[in-house]
Every structure is written in structure tokens, then in C-alpha cells.
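[1] Sequence first, then the predicted structure, then my questions.
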Protein chains: 2
Amino acid sequence: MIQTILLKNRPKGKPALSDFQFLKEDKELNIQEGEILLEANYISVDPYLRGRMSDAKSYVPPFEVGKPITSGVVAKVIASKNANFKEGDFVSGMLDWKTLQISKGEGLLKVDKDRAPLSAYLGILGMTGLTAYCGLTQIGKPKAKETLVVSGAAGAVGSVVGQIGKILGLYVVGIAGTDEKVEMLTSEFGFDHAINYNTTEDMGTALKTACPDGVDIYFDNVGGPISDAVLFNINKYARMIICGAISVYNNTEIPKSISVQPFLVKNSALMQGFIVSNYSEKFPEAMKHLSTWLAEGKLNYTETVVNGFENTPQAFLDLFEGKNKGKMIVKV
Amino acid sequence: MIQTILLKNRPKGKPALSDFQFLKEDKELNIQEGEILLEANYISVDPYLRGRMSDAKSYVPPFEVGKPITSGVVAKVIASKNANFKEGDFVSGMLDWKTLQISKGEGLLKVDKDRAPLSAYLGILGMTGLTAYCGLTQIGKPKAKETLVVSGAAGAVGSVVGQIGKILGLYVVGIAGTDEKVEMLTSEFGFDHAINYNTTEDMGTALKTACPDGVDIYFDNVGGPISDAVLFNINKYARMIICGAISVYNNTEIPKSISVQPFLVKNSALMQGFIVSNYSEKFPEAMKHLSTWLAEGKLNYTETVVNGFENTPQAFLDLFEGKNKGKMIVKV
């Protein structure tokens, strides 16, 4: 039996389970010459998928209503008529939310389950790690002893950004939404300081105290009022790496924030949005560093693993409630 | 008699004449070895001076209450005990709002009144031209046929930006606040299209019509709702050059705008604030181009010249009412 999760409606505001549709089919999948049959093992759920559920112009085309959702997936090759893959191989790539599917192998990377756990290829050794590395190094251009602030710091990307910051000799402050996450940032991920935005009344003052030398680099995963507070603390030539804006993704009205322009002029500061594929020429360098640091024990990562293919939509919804620590993954 | 204009109070919101104080002194100015005596000829009034009248942290220290305002001034050397300057020389530099003053010559540039009118050294061949050239080329990194939008386009910097854009082969759209200015942008400065924001109800749609290929570069002098409207029309990898935010400089509450972060992420777009001195190593190149283009008749410039030293504060206030076309200058 093949199970599939389709986009049923384009969500209005916050997505709901009713925006997804489950399909069960009893059919045989027969592969043709050049094709492989894949069984999904791990599915990545990520905030950016929210954008693809809308109809708006974006960097990737929107999902189609009535078609499967796609995201990062690690899958096992269970039959192959493609010379590049053999039965028993594991691959990682953008695949449908399906328990079984046929692929021609385009865009799939073979992954080595003896080098790292399979789920790591959706996280620290996948898009998550690459996003953290490329954003921080290519836009942030960090210099040792500078101050780095990370929002969404206990999230998949944020926790890696902070650790790379420490490896590169920065003073690192993280912002997260629970005491447990804040504790984890300093104890497990080596952040110098962490702030719980849900229990902090005046984030501007809290950041000022946490960053006595001001903020040189801001890795922004959230947008909204947290990012507004950071603006009041930036230094001359500050670099703000805009990776995501999860705090406003579900807004149905156009969100308003403090006008950034006066801050940018006063401080000759930069804000740069990006997606990881802009820096694909840096991926080999990034993978070399990330896998070395991982092997040396310099990088920790946390996963929140949800069991069961049928729980994939709920796992995605939980991202917007901050229920994940680190990378949110579904084990099929 | 020496006349001086001092900062009397830090303005709250919009500056008023009552924030300035006039001082008349009947005294002799005697220069010492190494000094020169200067008689002011032209005084530059600029929106950025508003920032220096506040107490807030900025890229230049605030003016002191009870002390003279300073800005760009062209002055004549009327006595010299400094080997670098002789009587009859003209100089340009940051000087006090005084009819007569003593200087050691530091930071002053000698200017040639036979090469261009003296007032041009406060504008097209001064900070104005350098700001336009450096911002557009160093941050905008223009490629021929791209679309450039300029706000505050009839202002001193904006009108030069648009003309350089045309010289570099861009499609150039200007935004200004009166029909007369809009007419001037296309007829005198060669903009391809211009929009009057005061008579346009829906700026987003107007920009979409004016920029059928979207916006690649935005040279932003104003901030506020006009810049919000531009965001809806930016292309992937757009560069937004944040030169000023005159629309919000007088706000007493922290101004709010549309959240820029989602637009930056979706389009991998850049916003970079700057002041011209960040690019001082580019000044020789910039001056070479600007003076060549000026001599070749490829660059026009407009000045609004106000007569009388005593009218300097009013000329400054008029900037915020958009009463200037091009560079606002006081002839002493």
C-alpha cells in the first residue's frame, strides 16, 4: 500500500490539519529502465514549506492543490534499473511525501549511514547545516571576537549557527522561547548567553545587557518584534543575515515592524536575505568543515523525531508552536 | 561683524526656527601662524543635519546645544598664515555656520572656480555627487538594462543618481512629490519615467506599471510608505541602497513600516545603509567620472539657491517640505 499526503487547500493564516489530505492506494509500482523505487525513511518538515503552500511569488514555485507536498527526504532504494543506484543504497533529496515512490535519481545524493545517522543528512549534514554555514560565513563575514546574535537559536539552523560562531571565535548570544531551550543553548550548544523572549519584557534592554559591545552579526530566523529589538543594538557595519521570518509567516495581514531604514543609514548596516542554493558553489567547502567538526565532536545537534508517516502534517504544524528542539524530522 | 547660527534646542519632531539662535559679535579675528581667515560664500543645507540635532547615537556625533551648526561650506581665504593657502583661494569643507571664521586648513579642499561654479563643489562635485556615484556603483552594482528606481528623485542626490543610471545604461524610474518635479525628471534629467507620489493613490501598482521587468536596484532617499511600495516590486537579488529616510526623520515616535524580512528572504535581496565616507577610497575615481560627465554635458544639476546668511535655518526647514529642487544652497 502506498500512502501519500497532498495539499488539500491553501492555508489562510496558520495552517491546519484540514489543509492536508491523506491518500491510500493499493497498487503495484513498476520501475522502467533508468528508474529506482524508493521507500521513505525520514522526512524533513521545515518552516519554509509554509511559503510554498501559498500562491504568492517566491523563490520556489508554490505547491499545487491536490498534489503531494515535497520536502527533504532520506529514502532507501528497494529496486533499481538505474546504474547509479543499487538496491540497499540510501539517498537524500527533495521527494514527495509518499511512503513509496519512483524516481529517475535526478537531484538525489547517496548518503553513507556508517558515517552519520541517516537523519543527520536532513539536518547538520544537509540543508540545515549548509544554510547555517553559508549564511554565517558568506553574508556575516565573521571576525573573531565579534558579537553574534541568533534568533530562533534552538531551532535546526539556529543551533548550528551558534556553534559555528563559537568555533570561529565569536561571542554568541541566542534567543529562544522557553527556559528549557535557553538552558540547552548554553549547556549543550556552548552559546555564551541566551535570552527567553517569552519571559523577557524589554528585549532591547536584555540584548543591550547581553551584548555589552553591541551586535556585529545577527542571524535572523524569526523577524517581527525580536528582530526590531536587535536593531536598537547594532554596531556600525553590522550584518543582518535574513534566513527566515517564522514569526510572521502565518500573518494574514501584511505585518508591520519598526522601519529599518534609519537604523541601516545610521550604522552603515546591511540586511541580506538568502536561500542556501544561492551559495551552492560553497557546498563542498561547507560539507568538509561540517563533517570534520562533527567528527571532532565540536558540533552537537538535536533532533525532534516524530514517529509515523501519518503524523507528518502535525509535526509541520508544531514548528509554528515552537514544539521542536533542533531539527524536526518524521521517522516513517 | 561676525554672524553665527547656533543650535538653541534639540528639535522635537519637526525642527522650527525657534530651535536656532543668531549671534552677532563685533570683534576682530586675528589669525596665528598656521591659520587662515575664511569668509563663507555658500552653505549647504542637507537632510542628514536633522540627525545631528538629536542626541541619538549616529554615525557622526550630535551637534552641541549652544554651539554653531556645521555643514558643507565653500569659503574664500581672506587672510593666510598657512603655507598651503593664499589670500583669494577658495576652499570647501565642513565649517561652522559663521560669516567669518578661523581654520587651520585641516580637511579643507581647494576648489577651482574656473572649472565649475563655486556652488557645484557643495553639490555635483561635492558630497552630493560622491554620494550618488558611490552608493549606486558600490552597493547597487548596476548591470546595463537593469531597472533602477530612485526615491527623492528630484532632490540633490536623487537627480544625480538617475542621470548616472542612464549613463550606465539602466532603465530609470524616479519618484517625487510634485508634478513640476516629475516633469523635470524626464525632461531635464533624462529619467525614463517618473511618478508623483502625492497624486498617486496606489504606489505599488504605479510602480508595477512603470517597471514591467520589476525593480533590480532601489536608491532610497526617503523610507516610509514609498519604500514599502517598492518592496512589492523587487526582483530576485534586488539591491536596495539606503541613503536616507527623510520621510521619517522628524517622527517623534518610532516609525513603523511593512516588515522587510519576508521580502528579503523571498527575493534573496539586499538592503545596505551607507554614508559616503565609507567609500573614500573611491573618491578619486568618482571625481574623475563626475567631472568628465559634467564637462561632456551628460550631467545636469539643479540648485535651489536661497540668498542671505540669515535665511539658512529656513532653507534647512524647507527641505522637509520638499521646497527644493536639486541641491539646496544658501548664498551668504
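    Received the coordinates, thanks.

[2] Return the set of buried residues in the helix or strand A:S257 falls within.
    Using DSSP states H and E, A:S257 maps to strand A:256-258. The neighbour-count check on strand A:256-258 (16 or more other C-beta atoms under 10 Å in any protein chain shown) flags A:S257, A:I258 as buried. The C-beta positions use only the backbone N, C-alpha and C, and glycine is treated the same way.

[3] Could you confirm whether it reaches chain B?
    Yes - using C-beta under 8 Å from any C-beta of the partner chain, strand A:256-258 comes into contact with chain B via A:K256, A:S257, A:I258.

[4] so where's the longest strand in chain A?
    Ranked by residue count under DSSP state E, the longest strand found in chain A is strand A:70-80.

[5] from the chain's centre, how far out does the strand holding A:S257 sit?
    Put simply, strand A:256-258 sits 24 Å off its chain's centre (C-alpha atoms, centre = their mean, to the nearest Å).

[6] same check, this time on stretch A:48-60
    Put simply, stretch A:48-60 sits 15 Å off its chain's centre (C-alpha atoms, centre = their mean).

[7] Near chain B, which residues of the stretch 101-250 of chain A? Just list them.
    So the stretch 101-250 of chain A meets chain B at A:D220, A:G223, A:G224, A:S227, A:K236, A:I242, A:C243, A:G244, A:A245, A:V248, A:Y249 (C-beta under 8 Å from any C-beta).

[8] Surely the fourth one is within a helix?
    Yes - with the criterion set as DSSP: H, G, I helix; E, B strand; the rest coil, the secondary structure at A:S227 is a helix.

[9] Please, where are all the strands along the stretch 1-150 of chain A?
    In the stretch 1-150 of chain A, the strands defined using DSSP state E, counting those that start in this stretch lie at A:2-7, A:20-25, A:36-44, A:70-80, A:90-96, A:100-103, A:109-111, A:147-151.

[10] Just name the most buried of these.
    strand A:147-151 (a mean of 30; mean count of other C-beta atoms under 10 Å in any protein chain shown).

[11] Just give me how far that strand sits from the chain centre.
    Counting by C-alpha atoms, centre = their mean, strand A:147-151 is centred 16 Å from the centre of its parent chain.

[12] Past that strand, which element shows up next along the chain?
    Next in sequence after strand A:147-151, counting helices and strands by DSSP H and E, comes helix A:156-167.

[13] And the following helix or strand past the strand holding A:S257, what does it pack against?
    Downstream of strand A:256-258, the next assigned helix or strand under DSSP H and E is helix A:261-267. Packing partners of helix A:261-267 (3 or more C-beta pairs under 8 Å, 6 or more residues apart in numbering or on different chains; DSSP states H and E): strand A:234-242, strand B:234-242, strand B:270-273.

[14] so of these, which one's packed in deepest?
    Ranked by mean neighbour count, the helices and strands packed on helix A:261-267 are led by strand B:270-273 with a mean of 26 (mean count of other C-beta under 10 Å).

[15] Is it in proximity to chain A?
    Yes - interface with chain A: strand B:270-273 contributes B:L270, B:M271, B:Q272, B:G273 (C-beta under 8 Å from any C-beta).

[16] ok, of these, which one's closest to A:Q3?
    B:L270 (42.5 Å; C-beta to C-beta).

[17] how about the residues of strand A:256-258 next to chain B in CSV, adding distance to B:M203?
    CSV is the format used below for the residues of strand A:256-258 next to chain B (distance: C-beta to C-beta, whole Å):
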residue, distance to B:M203
A:K256, 16
A:S257, 19
A:I258, 21
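
[18] circling back to that earlier point, export the longest strand of chain A to PDB, keeping only CA atoms.
    Provided in PDB are the C-alpha atoms of strand A:70-80 (Å, rounded to 0.1, in the frame of the first residue of the first chain):
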ATOM      1  CA  THR A  70       7.600  17.700  -1.200                       C
ATOM      2  CA  SER A  71      10.500  18.300   1.200                       C
ATOM      3  CA  GLY A  72      13.800  16.900   2.100                       C
ATOM      4  CA  VAL A  73      13.600  13.100   2.400                       C
ATOM      5  CA  VAL A  74      16.000  10.300   3.200                       C
ATOM      6  CA  ALA A  75      14.900   7.100   1.400                       C
ATOM      7  CA  LYS A  76      16.100   3.600   0.800                       C
ATOM      8  CA  VAL A  77      16.500   2.200  -2.800                       C
ATOM      9  CA  ILE A  78      14.400  -1.000  -2.800                       C
ATOM     10  CA  ALA A  79      14.600  -1.700  -6.500                       C
ATOM     11  CA  SER A  80      16.800  -0.200  -9.200                       C
END
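
[19] what's next to it, contact-wise?
    Residues from elsewhere that reach strand A:70-80, judged by C-beta atoms under 8 Å, 6 or more residues apart in numbering or on different chains: A:31, A:35-46, A:49, A:63, A:85-97, A:101, A:111, A:118-119, A:121-122, A:126-127.

[20] With stretch A:230-241 instead?
    Stretch A:230-241 is contacted from outside by A:135-136, A:139-141, A:147, A:149, A:151, A:204, A:207-208, A:211, A:213-220, A:227, A:258, A:260, A:263, A:267-272, A:274, B:59, using C-beta under 8 Å, 6+ apart.
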